[in-house]
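# A predicted structure for the sequence below; I have some questions about it.
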Amino acid sequence: MPIVILPDAVANQIAAGEVVERPASVVKELVENALDAGARHVRVELEQGGKTLIVVSDDGSGMNRDDAVLALDRHATSKIRSATDLVGVRTFGFRGEALPAIASVSRFTLLTSDGSGGTEVAVTGGRLDRVDAAVRQTGTTVTVRGLFFNTPARRKFLRSVPAETRAASEAVATLALSHPEVGFELVVDGGLRLQVPSGQDESSRLVGVWGPHLAGTLIPVQHAAGAVRVSGYAQRPGDAAPTGRRTQLFVNGRPFRDSFLIRAAEAGYRSAIHPGDRPSVLLHLHLDADQVDVNVHPAKLEVRFRDRIAVERSIEEAIRAALGRIEAAAPVGEWRPIPHGGEGWRPGGSAVPDSLFAPLDPDASGREPAEPTFAAPVTQLFSSYITFEGPDGLVIVDQHSAHERVLFEAVMRHLADGGAASQRLLFPETVELTDEELEAVERHQESLHAIGFQVEPFGGRAVAIHAVPAPHPRFEAVSCFREMVSDLARGRFGGWANRLERFAATFACRAAVKAGMPLSEAEMRVLLLRLFETSLPPHDVHGRSTIVQLPRAELERRFGRQ
């Protein structure tokens with residue numbers, strides 16, 4: 001067949017196939033243009049999920065008559081001037097195809113004013129109908145009716161009205177989250193779906209967009225590593241669930257999608273969350289504009305990083321650091337996302353010996369008791385919980401979960417470093433096992449030896465234990481060994497992808513001090529010091545809370561002092 005040049009109308013419809021996938025794509029392009037125009041307030045109206053009507057109004061800078069007409073030509077843009085501008089572009093709606101592509105598959109009206117006079121441009125299916133003078137305050141209103149009316153094949157593949165409404169609403173919510181300084185309104189079929197004022201801080205905007213329930217489970221994230229800075233919010237591990245999570249990524253203020261970066265964020269939750277739970281996160285990446293290419297996707301939904309490994313590592317480290325602060329502990333009462341500021345609070349203390357297997361009671365080992373830097377009294381409740389006064393309220397620590405976290409991280413260190421010391425038994429203990437348990441012992445022989453269990457076959461299904469670890473004075477070694485081997489055989493920690501982490505979690509759970517076990521004040525102080533020296537003090541290895549906070553504000557509210 002001969003080669004021909006496509007008519008502009010056909011070329012615009014092809015461009016529309018790349019840029020305008022559905023009503024949500026139109027909403028995203030038009031709202032981004034409004035933001036680039038300096039709008040302080042954006043109003044979006046939808047009917048039938050955007051299939052029949054989309055209206056986007058703003059109070060931005062607007063356009064004069066010549067620019068309004070020129071904006072509907074292909075490749076017309078105010079955002080770039082040369083190919084070099086595509087690298088490090090700092091605006092949102094920079095693609096020149098957007099407006100003419102939308103106009104080519106709809107009944108399109110552009111009403112705009114730059115303050116010196118208004119202009120209305122009407123286009124039907126890519127054909128310019130009229131250009132008239134009009135009256136409008138400074139800003140722009142774009143009306144899109146009958147999307148894909150002239151391309152029925154495209155219209156046939158649109159989803160249901162509820163599905164298209166959700167997608168368009170999500171597009172507005174995403175941009176509202178990235179611009180808390182701008183007010184947004186979303187009206188769906190005559191009903192107000194979203195309304196947030198201008199001039200909000202990010203935590204208030206989160207409450208307005210994601211709702212107080214979800215926003216109240218988030219903690220701030222702040223981290224810088226090399227050229228990459230990460231900020232935002234992450235969900236407390238104890239509030240994560242297998243379903244219902246929300247994730248949002250921004251790079252230099254631009255929303256994008258990247259499943260691998262979400263996985264990097266999830267990696268930061270390792271050993272703090274139950275396998276299968278999926279936390280909600282909202283993360284901003286800040287890096288030099290020339291380190292990211294945002295012009296790799298027709299709809300600007302994906303980006304390319306020059307050093308992706310550094311970005312993934314920074315995200316994982318940022319999440320890990322946020323979860324390690326006491327702000328990540330479960331609160332009592334109402335909670336709001338904590339505004340960014342400071343590095344959070346982690347009580348410190350004098351150095352505690354690195355040996356996991358030293359007795360928990362410092363006096364029993366002959367060492368001088370470690371003096372904590374927090375001076376408040378330490379109290380045990382119900383022989384299970386340790387309490388003390390924190391900077392913002394009462395801190396309650398589950399002694400079993402706390403010791404479990406301490407043991408887990410110490411075991412991981414010893415597994416990596418080649419093992420820990422053990423205590424030789426005067427008379428070996430003989431333990432009878434099932435076939436599955438014997439297989440588990442053989443499979444984990446090296447790991448058992450690394451943490452201090454020296455085990456040898458004793459004939460049949462029996463094994464002889466010659467040496468054991470001693471993580472605390474009340475440690476029942478044989479009972480712990482039986483329970484641990486049973487857990488390993490039954491796959492109780494089977495959700496762990498890392499076999500060594502599964503092993504360490506199993507031992508930590510069985511070896512930690514138990515609830516109902518009285519502790520001396522010295523033991524409690526040393527346990528707290530060791531807990532706050534771990535990477536994730538507020539969380540045990542099951543995804544449960546180690547620390548619960550009772551904020552002072554909540555306490556005063558309960559006593560009627562507010």
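That came in fine, so what should we check first?

# mind listing what's buried in the helix or strand containing S486?
Following DSSP states H and E, one finds S486 within helix 477-490. Within helix 477-490, the residues scored as buried using 16 or more other Cβ atoms under 10 Å are 477, 480-489. (Each C-beta comes from the backbone N, C-alpha and C, glycine too.)

# The nearest residue to G139 once chain neighbours are set aside and R43, how far apart?
Ranked by Cβ to Cβ, 6 or more residues apart in numbering and with sequence neighbours excluded, the top spatial neighbour of G139 is D59, at 4.3 Å. Plainly put, D59 is 9 Å away from R43 if you go by Cβ to Cβ, to the nearest Å.

# likewise L99?
The value you get for L99 to R43, if Cβ to Cβ is used, is 19 Å.

# So for the two, which residue has more residues nearby?
L99 (27 against 19; other Cβ atoms under 10 Å).

# same for the longest strand seen in the chain, what does it pack against?
Longest strand in the chain, counting residues (DSSP state E): strand 423-432. The helices and strands touching strand 423-432, judged by 3 or more Cβ pairs under 8 Å, 6 or more residues apart in numbering; DSSP states H and E, are strand 462-468, helix 477-490.

# who wins for proximity to D73 among these?
Proximity to D73 (Cβ to Cβ) singles out helix 477-490 among the helices and strands packed on strand 423-432, at 68.7 Å.

# Would you mind identifying the next helix or strand past that closest one?
Later in the chain than helix 477-490, the nearest helix or strand by DSSP H and E is helix 499-511.

# Where does pLDDT dip in the stretch 101-250 of the chain?
Within the stretch 101-250 of the chain, no stretch falls below the threshold (pLDDT under 70).

# mind listing the strands in it by residue range?
107-113, 118-124, 127-134, 139-145, 183-188, 191-196, 218-225, 228-235, 247-251 (DSSP state E, counting those that start in this stretch).

# JSON lines for these, including distance to R552 and mean neighbour count?
Output for those, formatted as JSON lines (distance: least, Cβ to Cβ, whole Å; neighbours: other Cβ atoms under 10 Å):
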{"stretch": "strand 107-113", "distance to R552": "52", "mean neighbour count": "22"}
{"stretch": "strand 118-124", "distance to R552": "55", "mean neighbour count": "21"}
{"stretch": "strand 127-134", "distance to R552": "57", "mean neighbour count": "13"}
{"stretch": "strand 139-145", "distance to R552": "46", "mean neighbour count": "22"}
{"stretch": "strand 183-188", "distance to R552": "33", "mean neighbour count": "20"}
{"stretch": "strand 191-196", "distance to R552": "29", "mean neighbour count": "14"}
{"stretch": "strand 218-225", "distance to R552": "18", "mean neighbour count": "20"}
{"stretch": "strand 228-235", "distance to R552": "22", "mean neighbour count": "23"}
{"stretch": "strand 247-251", "distance to R552": "31", "mean neighbour count": "20"}
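
# Could you dump these into TSV and include distance to Q549?
Formatted as TSV, those follow (distance: least, Cβ to Cβ, whole Å):
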stretch	distance to Q549
strand 107-113	52
strand 118-124	56
strand 127-134	57
strand 139-145	46
strand 183-188	33
strand 191-196	28
strand 218-225	11
strand 228-235	16
strand 247-251	26
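
# tell me which residues of stretch 438-450 are tucked away?
Buried positions in stretch 438-450, judged by neighbour count with 16+ other Cβ under 10 Å: 438, 440-441, 444, 447-448, 450.

# in the sheet, who's paired with the residue nearest the centre of the chain?
The chain has V281 as the residue nearest its centroid, 1.9 Å off, counting by Cα atoms, centre = their mean. Beta-bridge pairing of V281, defined through DSSP bridges, involves A234, T247.

# ok so, going back, kindly reformat the buried residues of stretch 438-450 as TSV containing distance to R557.
Supplementary listing: the buried residues of stretch 438-450 in TSV, determined by distance: Cβ to Cβ, whole Å:
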residue	distance to R557
L438	57
A440	51
V441	54
H444	50
S447	49
L448	51
A450	50
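
# For D398, state which of those is nearest.
The closest of these to D398 turns out to be S447 (Cβ to Cβ; 26.1 Å).

# you'd agree that closest one is in a strand?
No: assigned with DSSP: H, G, I helix; E, B strand; the rest coil, S447 falls outside any strand and is helix.

# Now do the contacts for A310.
225-228 (Cβ atoms under 8 Å, 6 or more residues apart in numbering).

# between the residues you listed, which is closest to L194?
Looking across these and measuring by Cβ to Cβ, the closest to L194 is V228, at 31.3 Å.

# Tell me if I'm right that that closest one and V311 touch.
Yes: at 5.7 Å, V228 and V311 qualify as touching, with contact defined as Cβ atoms under 8 Å.

# Need the overlap of contacts for the two.
Here V228 and V311 have 285, 287 as joint contacts, going by Cβ under 8 Å, 6+ apart.

# Could you double-check that E404 sits in contact with D540?
Yes: using Cβ under 8 Å, E404 is in contact with D540, at 4.9 Å.

# Return every residue with contacts to both of those two.
Shared contacts of E404 and D540 (Cβ under 8 Å, 6+ apart): T546.

# Retrieve the pLDDT associated with R40.
Per-residue pLDDT puts R40 at 96.

# Angles on the backbone of it, please.
Dihedral pair for R40: phi -100, psi -10, per degrees, to the nearest 10.

# separation between it and L381?
52 Å.

# for Q423, same thing?
As judged by Cβ to Cβ, Q423 and L381 stand 32 Å apart.

# Can I get stretch 130-141 in CSV, CA atoms only?
What follows is stretch 130-141, C-alpha atoms only, in CSV (Å, rounded to 0.1, in the frame of the first residue of the first chain):
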residue,chain,number,x,y,z
ARG,A,130,-16.3,28.8,16.9
VAL,A,131,-14.2,31.3,18.8
ASP,A,132,-16.1,34.0,20.7
ALA,A,133,-15.5,36.7,23.2
ALA,A,134,-16.9,35.8,26.7
VAL,A,135,-17.1,37.0,30.2
ARG,A,136,-15.1,35.2,33.0
GLN,A,137,-13.0,36.0,35.9
THR,A,138,-9.3,35.2,35.6
GLY,A,139,-8.9,31.4,35.2
THR,A,140,-10.0,28.6,32.9
THR,A,141,-13.0,26.3,32.6
